[in-house]
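[1] need coordinates for the below:
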Amino acid sequence: MADEPPAEVIAEGLVDEEGAPFLEEEKGPNRRCIATGNVLPVEQLIRFVVGPDGVVVPDIEARLPGRGLWLSAGRDMVNTAAAKNLFAKAFRRKVTVPADLAERIAGLLLRRCLDRIGLARRAGQAVTGYEKVRGELKAGRGAVLLAAADGAADGRDKIRALAPALPLVAVLRSDELGAAFGRSHAVHAVLTAGRLAEGLKIDAARLAGMRPD
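    Here you go, the predicted structure:
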């Protein structure tokens, strides 16, 4: 049958003989994706729990109580888990998977990205606008570059050339990036080093995997 797990997956102990993924909260910085069986850093995964009403809930911060399962941060992984009934198999109970689960996750991750940028701005750790970004980069204070996904490629390349070694986040649209700075739109921004910049890199990478494009 198409939904039966591969023999090598059973042999490696990733699922039981009925094809249900073993659901045990592992310790340490890595977790196993129930869709692929791959063990990955938690930063590349999304945790899920079951709410009191039996609905599968994405636990973006990985803090909700109860036994959880983990999926790679990708829209295809979420859709595969839903289509193959992996949530119910892993939780060993009947659960409801929202039809728009992938969209919900993307929305939560987008909100986290905007919140981190907003907090960094208020703390004096983020600026937007070409000249301000250029000034921060020339002063060596940049840690994460941001460029609007719908911005002109030549403009992105121009600002990127000022700091080619810095990580570049280009998953937010100009209106979304602008909202984080309290304006209608923004094309370029930079965050200085700190926990907000590190957290943004993680959330932006997960968001990129959850967006349709």
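[2] wait, residue 117 sits on residue 179?
    No. At 9.1 Å, residue 117 does not count as touching residue 179 under the criterion of CB atoms under 8 Å. Quick note: C-beta positions are derived from backbone N, CA and C, even for glycine.
[3] which one of those two has more residues nearby?
    residue 117 (29 against 18; other CB atoms under 10 Å).
[4] okay, now the spatially closest residue to that one that is not a sequence neighbour: neighbour count?
    The shortest distance from residue 117 to any non-neighbouring residue, by CB to CB, 6 or more residues apart in numbering, is to residue 180 (3.8 Å). For residue 180, the count of nearby residues is 22 (other CB under 10 Å).
[5] quick one: residue 180 from residue 116, how far?
    Residue 180 sits 8 Å away from residue 116, going by CB to CB, to the nearest Å.
[6] in the protein, which spans are helices?
    All helices of the chain, identified by DSSP state H, fall at 7-11, 75-83, 86-91, 101-122, 130-138, 153-160, 174-180, 195-210.
[7] could those helices go into a markdown table alongside mean pLDDT and distance to residue 35?
    Output for these, formatted as a markdown table (pLDDT from 0 to 100; distance: least, CB to CB, whole Å):
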| stretch | mean pLDDT | distance to residue 35 |
| --- | --- | --- |
| helix 7-11 | 39 | 11 |
| helix 75-83 | 96 | 5 |
| helix 86-91 | 96 | 6 |
| helix 101-122 | 98 | 13 |
| helix 130-138 | 93 | 38 |
| helix 153-160 | 87 | 33 |
| helix 174-180 | 97 | 28 |
| helix 195-210 | 97 | 13 |
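[8] okay, the ones you listed, which one's buried deepest?
    helix 86-91 (a mean of 22; mean count of other CB atoms under 10 Å).
[9] so what's the gap between that helix and the chain middle?
    22 Å (CA atoms, centre = their mean, to the nearest Å).
[10] what do you get for stretch 179-198?
    With CA atoms, centre = their mean as the basis, stretch 179-198 stands 17 Å off its chain's centre.
[11] buried residues in it?
    179-181, 185-192, 194, 196-197 (16 or more other CB atoms under 10 Å).
[12] show me which pair in the residues you listed is furthest apart.
    By the measure CB to CB, 185 and 194 form the most distant pair in the buried residues of stretch 179-198, at 25.0 Å.
[13] nearest to residue 64, of the helices of the chain?
    Of the helices of the chain, nearest to residue 64 by CB to CB is helix 101-122, at 12.3 Å.
[14] what angle separates that closest one from helix 75-83?
    140 degrees (axes from the mean of the first three to the mean of the last three CA atoms, to 10 degrees).
[15] for helix 101-122, C-alpha coordinates in CSV please.
    Output of helix 101-122 as CSV, limited to C-alpha atoms (Å, rounded to 0.1, in the frame of the first residue of the first chain):
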residue,chain,number,x,y,z
LEU,A,101,-2.5,24.3,9.1
ALA,A,102,0.4,25.3,6.8
GLU,A,103,-1.1,28.9,6.5
ARG,A,104,-1.5,29.1,10.2
ILE,A,105,2.1,28.2,10.8
ALA,A,106,3.3,30.7,8.2
GLY,A,107,1.2,33.4,9.9
LEU,A,108,2.6,32.6,13.3
LEU,A,109,6.2,32.7,12.0
LEU,A,110,5.6,35.9,10.1
ARG,A,111,4.3,37.5,13.3
ARG,A,112,7.4,36.4,15.2
CYS,A,113,9.7,37.8,12.6
LEU,A,114,7.9,41.2,12.6
ASP,A,115,7.9,41.2,16.4
ARG,A,116,11.6,40.5,16.6
ILE,A,117,12.4,43.3,14.1
GLY,A,118,10.1,45.7,15.9
LEU,A,119,11.7,45.0,19.3
ALA,A,120,15.1,45.4,17.7
ARG,A,121,14.1,48.8,16.2
ARG,A,122,12.8,50.0,19.6
